[in-house]
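Colleague: just need the structure, nothing else, for what follows:
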Amino acid sequence: MDYDELVTIADRLLEQSDEDDARLARLIGQLAPDVREELLVSDLLNAWQVFLYCFLDAPSELEAERLTFSAASELCSGVVFGERDLYTLVFAIDDDGPEIRVTDGEAVLESFSGPHAYRDAISWIDEQG
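Modeller: This is a model prediction of the structure:
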């Protein structure tokens, strides 16, 4: 897709959502899959907006703020957005789709995907005690 077209689509979505991130997530879901895939890893959205679309869940306020200050394009390599106990939470999008990775700061210990990935990651950390 032409970048200018993608910019036009993103601008329209942001205008229609009127700064309501939940509405933006719904509008993103209505896009054609190929357009949506490009938009979700572009510099036109932030990682928080993509997180909400992917997981329909809200992390802590600090975690959401960290995601807000990261461009969605950074999700291809992963965005560190939280720490819990000895674990680090990373939000990433790869060829298999969005996932939450739990790391020890160096290695990925577990990966979670699907609409409940964030909750599943938190539950896994809690089980580690």
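
Colleague: does the residue most central in space within the chain count as helix, strand or coil?
Modeller: Taking C-alpha atoms, centre = their mean, the centroid of the chain lies closest to Phe51, which sits 2.7 Å from it. When classified by DSSP: H, G, I helix; E, B strand; the rest coil, Phe51 comes out as helix.

Colleague: in contact with it, which residues?
Modeller: By C-beta atoms under 8 Å, 6 or more residues apart in numbering, the contact list for Phe51 reads Pro59, Ala64, Leu67, Phe81, Phe91, Tyr118. Where you see a C-beta, it was placed from the backbone N, CA and C, and this is true even at glycine.

Colleague: list the buried residues of the single longest helix found in the chain.
Modeller: Using DSSP state H, we find that the single longest helix of the chain is helix 3-17. By neighbour count on 16 or more other C-beta atoms under 10 Å, the buried set for helix 3-17 is Leu6, Ile9, Ala10, Leu13, Ser17.

Colleague: the strands in the chain, which residues?
Modeller: In the chain, the strands defined using DSSP state E lie at 79-84, 87-94, 97-103, 108-113.

Colleague: in TSV, list those along with mean neighbour count, distance to Leu39 and mean pLDDT.
Modeller: As requested, these are exported to TSV (neighbours: other C-beta atoms under 10 Å; distance: least, C-beta to C-beta, whole Å; pLDDT from 0 to 100):
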stretch	mean neighbour count	distance to Leu39	mean pLDDT
strand 79-84	19	16	96
strand 87-94	20	11	97
strand 97-103	20	13	97
strand 108-113	16	19	98
